[in-house]
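Novice: From the sequence below, what's the structure:
(chains A and B)
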Number of protein chains: 2
Amino acid sequence: MKNARLTNEQLLVDESLLFVGNGYLGLRGNFEEGYPSHFQTIRGTYINGFYEDVLINYGESAYGFPKTAQKMLNIIDGQTIVIRIDDDEFSLFEGEVLSFDRKLDIWEGYNERNIDWISPKGHHLLIKIRKMTSFEQLELAVIEYAVTSVNYSGNISILSTLDGNVINYADENDPRVSSEQARWLYVDNVGIRDRNFAQVTSVTKQSGLKVTATMGHDIDVEYEVKENIIVAFKHDSIQQGETLTFSKFLVYVDSVRSKESENEGLKILKEAIEKSSQYWFDIQKRHLETFWKVAKIEVDGDASVEEALNYSAYQLYASAGRDAFSNISAKGLSGEGYEGHYFWDTEIYMLPFFILTQPDIAKNLLAFRYQTLDMARDRALMMGHKKGAKIPWRTISGTECSAYFPAGSAQYHINADVAYAYIQYYLFSQDIDFMKQIGYEVILETARIWLEIGHFDDKGQFKIPAVTGPDEYTAIVNNNYYTNSMAKYHMYWVCKLSREFGETDVEWYRKMQKQLIIDEAEIFEMEKAYQHMYLPYSEELGIYWQDDTFKDKADWDFESTPKNKYPLLLHYHPLTIYRYRVLKQADTLLAYFLLDHVSEEIMNRSYDFYERLTTHDSSLSPCVHSIMAAKLHKAEKAYQFFMKTVRLDLDNLHHNTKDGLHIANAGGAYMSIVYGFAGLRIKEDGLHLNPIMPKEWKRICFRIYYQQALITITMAEKLTIETTKPIEVVVNHKAYTIEDEIHLEYEVTSK
Amino acid sequence: MKNARLTNEQLLVDESLLFVGNGYLGLRGNFEEGYPSHFQTIRGTYINGFYEDVLINYGESAYGFPKTAQKMLNIIDGQTIVIRIDDDEFSLFEGEVLSFDRKLDIWEGYNERNIDWISPKGHHLLIKIRKMTSFEQLELAVIEYAVTSVNYSGNISILSTLDGNVINYADENDPRVSSEQARWLYVDNVGIRDRNFAQVTSVTKQSGLKVTATMGHDIDVEYEVKENIIVAFKHDSIQQGETLTFSKFLVYVDSVRSKESENEGLKILKEAIEKSSQYWFDIQKRHLETFWKVAKIEVDGDASVEEALNYSAYQLYASAGRDAFSNISAKGLSGEGYEGHYFWDTEIYMLPFFILTQPDIAKNLLAFRYQTLDMARDRALMMGHKKGAKIPWRTISGTECSAYFPAGSAQYHINADVAYAYIQYYLFSQDIDFMKQIGYEVILETARIWLEIGHFDDKGQFKIPAVTGPDEYTAIVNNNYYTNSMAKYHMYWVCKLSREFGETDVEWYRKMQKQLIIDEAEIFEMEKAYQHMYLPYSEELGIYWQDDTFKDKADWDFESTPKNKYPLLLHYHPLTIYRYRVLKQADTLLAYFLLDHVSEEIMNRSYDFYERLTTHDSSLSPCVHSIMAAKLHKAEKAYQFFMKTVRLDLDNLHHNTKDGLHIANAGGAYMSIVYGFAGLRIKEDGLHLNPIMPKEWKRICFRIYYQQALITITMAEKLTIETTKPIEVVVNHKAYTIEDEIHLEYEVTSK
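Specialist: Next up is the predicted model:
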């Protein structure tokens, strides 16, 4: 991932693309020395799950509107390092840049800049900067400098700061970014610890959280403490041909995880410096070797695709919360878009990667909804439901943070999405203990909402009015197909698990019945509801309608819509959009993909019907179209949509990568290979594959965990499945038992 | 209207009930001397159309959301007068109140307090206070004191202030009131003019408006100027048996109407004082005699009903804007509810009273939409429409002020409502000139929106998706019956007037065609649209559905909803409400009333169906039910709903009269008599009456203008119609030509 583009627009994008993160801590790929003063920057450091509670203002409020929302905070900035020689400050915008490249090394886990630079006074330097957040010590970030003098001997000075003056980024014209710029984090304490270490502690006003940043260096520095900022400096000298190296160590400890953030930060920092930066870069590499053994995807035939796919896998890994207090925000830890909130993206778009390759992280991400279930229960009551849990549409700590309910709280489908992810995990892992300890309670409580919001009509059909489906270009409708079919699946599984676990572990089930106040009538009601779930179908078109309103709308006038009017949501009032058949993202097709439950004819007709109406204004859309196109043997389409998915951030296709990476899309890229081209599905009867190779490639290879086996799937001239223990797999509707390896024919698109 | 209740709650209600206004200026019925300090008060003085532009905050914004809203401002307070004798300040909460009554005299146009009071030191006084805003000199308010000493001789002092320290009222828990308390008006200038007059000028920051309040007295006073307040005082003496009288004069001039508010205010004030307060009370009475000659409604059989009806008529008159800059806000000039905004209330609920009894005011109110048409055109563009005008859902100056579009901008029906009012006025007045000068342009431009938001389906039916009807307990639906049928009527009239005026005045029509860029294809398209308008009908139930979603919803569980959970909007999330068949207010029934176009069978079945589902949480609801019940010969129901209408504010039935009177409901009370019990309708074929007398009353009598005739309609044992010139009237489906008087049989409900 090389990049030498120095326009402000590209630098902002690169700040996201080259961010370093480890699931706990994220640092945007800012230039340590900064940009020219007229350049804009989103200089950001974030901790997953560290937030302020911010009052939500409504022009007109109503009952049950959330009063506050959490906001992921930009925390104390430790990125700044300035090099000065002979009174010139190093900057890519001063002097002469003979060469410059920067990259994110996903195999070894750091970003790097290499600059061949002549200062305004003519001194020639080679500068190499590496930055990383450690996967082994989550609180730790290291920035390493190597400055080589080609032709200069003389003074060199280093200035390095820890800065508590931070605010969050805002853009009042983009609803996908916070609209209010404000200071949320206040410096509480600034000081030098044990002579060599600088420490800034900041606090929030509402959420009562605290974060301590501790800074140290592997060279001796002097400190100057200013009001909210600590400056470290060292005046040194360099000789022609000599290389000066030094590292800056930053440790971030917050009060979410620690009661003693200041002392703990100092302790971690001291140990980290003692071990040296080389140690941390080495251990980072070893850590990632283990990761890549399972996670790496190989695609022969297009190196840039392979690179982009593994980039996606890496960013998922760099974004996923590792503890009970965090999940994966829409932008991971790479930017402030969507205010650091967790959405259904986690369950539907990101979890597949973790379930298949990193099951321990998957369990932790799933458990987050369990940790926050009481808040979801409270929210259900607030929304007028007598029981059950309503998963928040967007949240950090677990409370509902959606301030626009038609495209927020109205998306009841998130309850089914969460349940779906638990069921997927269960089908892959057969982890009955996890389901009994956590899973059952979550899927039961979330399923209860369907009985609350649905009803049986006079023909006995179960209908669900007034919800919004995944496609936010239609809102508050009756019988959204996605919602109804996911709810049907959801309730089916509650009934199934209640019966199965109830039979095999009577004691556990009795305990659950008591604890969750389950009576058989309720389970029976769910059974009736899923069996008689109404799904809106058009006999005339032979497709499922997205919802009841869809048949009465006219098509959007795509022909008269100029390109610069996309995404529509930034150029049309919601009502204008709601009035037409136009989709932001896959809705009915997504249900087809996830549930794989209708005939290929219906899917085919639906695909043609909905694809034509879909703008893909959401980054969650192209991957689903790629997967469905692959499923329907439309290899060319599948490939095209895949390319839009895999390059979305790298090519800034949505023009908002500056606000952070589209992490769900990264998950979508992974799914497009595994669920799309390999046609993998997990069902009650086991693992299925329906592979199809696009003509552009020669070979695809990836690994997944399935029922404690590690399976390697290779699509080349033949399909090869290798496994570490015997498994059964259904390939193209035919069942195979595989002891260790099998080779099969499959569909390869001809050139 | 006597009232001696001194609880804080009742005082707040009485502030609204006893407000004095003249369509330009409104003063709440505050006690001049104030309440005890721990009492809450909404001390308010308002000018119709005087506002600040206030930024609207959205938790999540979207394209086309209004960025600012106007807010009617509480302006400079001149109400305060304090009387002090022997070191005791007069207060109803100190000393001993031997008797106290207060009333609003609607016949003579002032409010009055009479107090028989013994001061803490035992001095016995009779105090009479009258306050009014002049219908003849709109800028003028007069407060007259008469203090009689029964047993005291000694010092008495008077203190009277003009106070620029004013803020608006707020209640963060009630969406019907502003949620943000803030200072919007800033004192710009304070001073004494010509020795005897005090003047405060205040300005807004955003809207750039200015208001000057000028104060004078008909006694000599001394002034003291403090920072934002001017205090007038006089130390006098009183003898046992003597009566001390004095008046305070207040003149409010704003920059909306005057470029020289300070000089003009002073000029008006001087002239007013010169004429004496008696003059103004006399002329007020004479002014109202003229008003009452037409507006008075007589009901024999229930004096309190007659009083309440005329109270309603008076408040309509006191609230209606008299110039191009103002209309009638939801609360008139009696309080700050709904932030002083003008809604569809004007056209559908208030204009009938003016069209029938005060046609000049009616014309002015109608013309307001013409004055602000360019803003409505801009709004249409913003909402994605290629042409036409979109009337703002709520506004003061003409821009959209709705911050919650599902129950705001989505109510496209307001376009048809405005057109409907123009057509009603035209049918009553036959004022072709007005229609050509103003009306045609407004109804054409507003009708264009139907072609923008509707479309022909594959069967050729015209459908209108994604709107909200009058009943805000259902939002963003397809084919709302009210909207579609009103749009049908609206487009019918555009086509009709285009044809008729086009034939009779070719030159005018050509000018219009050019000016408004009308081609015949457009008129033809409207013709096709109204002819093929789709109206959702249930064959099974034999009723029109409120909208397409209605058949798929379950009934609200009324039985399990305790009384204290009403109004539902204050106790349930909008989504919960949207999910069920439950109405805030008449929707389908309102269309039946206004258009009177479906069979009595359908109306009857619909009435039974919808009445059961209607909470009447909106004050706009009971009157429509009363009218429809009368129409359907349900005299008992009609009477019950009428009583809820007519007593709504007097009995504070909605518990929010403190925020101002429900002026639309006042119009509804009027309509319940005229359109309800008298069954009056205006149609293309003329005036219709279908009277029905409830058993509780003996006689109803009212007057209306119809085609330049003043008609007196009396329902007693017979129906008597008297007219000042020959007219034709259809009574109970039979046409009569009336030269001067006619007596007919009609339906009198037996006792």
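
Novice: Can you name every helix or strand that the strand ranked longest in chain A contacts?
Specialist: With secondary structure taken from DSSP state E, chain A has its longest strand at strand A:243-254. The contact analysis (3 or more CB pairs under 8 Å, 6 or more residues apart in numbering or on different chains; DSSP states H and E) places strand A:243-254 against strand A:45-47, strand A:140-149, strand A:154-163, strand A:210-217, helix A:261-275. Heads up, the C-betas are built off the backbone N, CA and C, glycines and all.

Novice: Three-state assignment for the one residue in the stretch 601-750 of chain A that gets nearest to chain B, please.
Specialist: Nearest residue of the stretch 601-750 of chain A to chain B (CB to the nearest CB) works out as residue A:617 at 12.1 Å. At residue A:617 the chain is in coil, as set by DSSP: H, G, I helix; E, B strand; the rest coil.

Novice: what's the neighbour count on the residue nearest to it when sequence neighbours are not counted?
Specialist: Leaving aside its sequence neighbours, residue A:617 sits nearest to residue A:567 (CB to CB, 6 or more residues apart in numbering or on different chains; 3.5 Å). Residues near residue A:567, counting by other CB atoms under 10 Å in any protein chain shown, number 18.

Novice: Of all the residues in stretch A:735-748, which ones are buried?
Specialist: If you call a residue buried by 16 or more other CB atoms under 10 Å in any protein chain shown, then stretch A:735-748 has these buried ones: A:738, A:742, A:744, A:746-748.

Novice: returning to that earlier point: partner strands of the longest strand of chain A, parallel or antiparallel?
Specialist: Take DSSP bridges as the rule and strand A:243-254 pairs in its sheet with strand A:140-149 (antiparallel), strand A:210-217 (antiparallel).

Novice: What ranges does the stretch 1-150 of chain A have for its strands?
Specialist: A:20-21, A:25-27, A:45-47, A:51-55, A:68-72, A:81-85, A:88-89, A:96-105, A:110-118, A:124-133, A:140-149 (DSSP state E, counting those that start in this stretch).

Novice: Alpha carbons of stretch A:636-656, as PDB, please.
Specialist: Provided in PDB are the C-alpha atoms of stretch A:636-656 (Å, rounded to 0.1, in the frame of the first residue of the first chain):
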ATOM      1  CA  GLU A 636     -19.600 -11.300 -14.200                       C
ATOM      2  CA  LYS A 637     -22.000  -9.400 -12.000                       C
ATOM      3  CA  ALA A 638     -20.500 -11.100  -8.900                       C
ATOM      4  CA  TYR A 639     -17.100 -10.000  -9.900                       C
ATOM      5  CA  GLN A 640     -18.100  -6.400 -10.700                       C
ATOM      6  CA  PHE A 641     -19.800  -6.000  -7.300                       C
ATOM      7  CA  PHE A 642     -17.000  -7.600  -5.600                       C
ATOM      8  CA  MET A 643     -14.500  -5.200  -7.100                       C
ATOM      9  CA  LYS A 644     -16.700  -2.300  -5.900                       C
ATOM     10  CA  THR A 645     -16.600  -3.800  -2.400                       C
ATOM     11  CA  VAL A 646     -13.000  -4.700  -2.100                       C
ATOM     12  CA  ARG A 647     -11.700  -1.300  -3.400                       C
ATOM     13  CA  LEU A 648     -14.400   0.800  -1.700                       C
ATOM     14  CA  ASP A 649     -12.000   2.500   0.800                       C
ATOM     15  CA  LEU A 650      -8.800   2.000  -1.100                       C
ATOM     16  CA  ASP A 651     -10.300   3.900  -4.000                       C
ATOM     17  CA  ASN A 652     -12.500   6.100  -1.700                       C
ATOM     18  CA  LEU A 653     -15.500   5.200  -3.800                       C
ATOM     19  CA  HIS A 654     -17.900   6.800  -1.300                       C
ATOM     20  CA  HIS A 655     -15.900   9.900  -0.900                       C
ATOM     21  CA  ASN A 656     -16.000   9.700   2.900                       C
END
